[in-house]
Structures are given as C-alpha cells and as structure tokens.
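S.K.: here is my input, please return the structure:
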Amino acid sequence: MKRSLYAAVHFGAACIVGVGFIGCSSSEEPAESITAEPASLAVNAADRTAALDAFDVVYEVLQHPRCMNCHPAGDRPLQFDNSEHHIMNVQRGDDDAGRPGMRCVTCHGSDNLDAPHLPPGVSTVWKMAPREMVFEGLSKRELSEMLLDPARSHMTTDEMIEHVTHDALVLWGWDPGPGRTPVDVPHEDFVDAFTRWVEAGAPVPGEDTP
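M.R.: You can find the predicted model right below:
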C-alpha cells in the first residue's frame, strides 16, 4: 500500500479513499483538454463566417431586379431595372398568375421576344412568387428567416437548392432577353453559395446586419 501511494504521489496524482470507492484526479491536466474547446470554437466561428459570406452572395442575387421584381412586398409585380410597378395596374390574382381578364400568360409567352422591352417569356408558366415569399425591402436577417420558414418559402432547404438550380423562372434571371440586365453573379456561383450556406446549417445573420 505504501508503495502504491508513493507511486501515485510521484506521478502527481491525489487519491481520496472513501467508503466503497477510490477517487483520483491528476494534478496536471492534459494539454489536449485545455486547448480543445477554444480550438473547436475557433473552427465553428470560421465555419459560421464562411457560411454568412456565402449568404451575402445569395442575398445579392435575390435582391437583383430580375429576382425581386417577381417577389414584391405587395400584390403588384415590379418591372424594369429600377423595379417600377408593372404598367396597366397588373395584379397578382388568387393563383399568383394574374386576375381574370389580365392573366400573365396573355402577354408572357414561352420564350423571350427578340426586341427590347417586349414581354419576356419562359418555358414554364409566367407567374409571381407566393405572397409570403417576399424579397423586396428585407434585410439579410429577415430574408434568411423567410427562406428558412416553410410556411413562407413553401419549400424545404433541399427543395430550395433544387429550385434555384433548375427552375426555369430562376434561370430566366440570367437570360432575361433584350433590354434587361441579367443577374451579374454567375448562376453556378449563386448555386454554390446557396448550397454552402445550407450545408453549413444556414446560419441567420445577426440583428445588426443590414
């Protein structure tokens, strides 16, 4: 027993003998346990920063007139690079595709016309985004919260990645026809940024983020 206690003291350990148990604690904490938490926090902070940088790209694209004009804060679509209200008092309608007598497809066909400022078209049905899926006037925090709320975005994050990758209305933003400025961030960069943000846990920018 004396030999055992001597060995324990020699190696810097204190042992307490109680009724029915022996508890030992080391006087020197391993270096790994001292540095593990700060290192982990540093990695997590770096991941979050990278994800928020990726969302900056997403936000830039979604605030572009080619995207925002169909995601307005009200029931009137916007148009042109300065996001004016649509001429002729065009309104959303119950199904987001125009009111009776003024349906979107009355003017918007299946492809862009070949002269500036004529009604653009797309291979699927031309329509507005759902009323809840607003881009116009939202901060980065507000927009990210909307995207992550299925009641407003009407999609899961996986479905959103599929949507921004393949949906014809989204792709039109990079090929809007004569007289319109396309989205200036390359589509593949936008999809990559959206995917990186989602795969990093889709962090929401802070309250003080513009």
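S.K.: what about residue 169, distance to residue 128?
M.R.: Plainly put, residue 169 is 10 Å away from residue 128 if you go by C-beta to C-beta, to the nearest Å. The way it works is simple: take the backbone N, C-alpha and C, and place the C-beta from them, glycine included.
S.K.: identify the contacts common to the two.
M.R.: residue 70 (C-beta atoms under 8 Å, 6 or more residues apart in numbering).
S.K.: who has more neighbours out of these two?
M.R.: The neighbour count for residue 169 versus residue 128, taken as other C-beta atoms under 10 Å, is higher for residue 128 (25 against 17).
S.K.: how close does the more buried one sit to residue 170?
M.R.: Relative to residue 170, and taking C-beta to C-beta, residue 128 is found at 14 Å.
S.K.: then residue 103?
M.R.: From residue 103 over to residue 170 the distance is 21 Å, taken as C-beta to C-beta.
S.K.: which strand residues bridge the nearest residue to residue 91 once chain neighbours are set aside?
M.R.: Nearest-residue entry for residue 91: residue 99, 4.9 Å, with adjacent residues in sequence omitted and distances by C-beta to C-beta, 6 or more residues apart in numbering. Per DSSP bridges, the residues bridged to residue 99 are residue 102.
S.K.: now for residue 99: which residues touch it?
M.R.: For residue 99, the contact set (C-beta under 8 Å, 6+ apart) comprises 91-93.
S.K.: most neighbours out of those residues, which is it?
M.R.: Ranked by neighbours (other C-beta under 10 Å), the contacts of residue 99 are led by residue 92, which has 20 neighbours.
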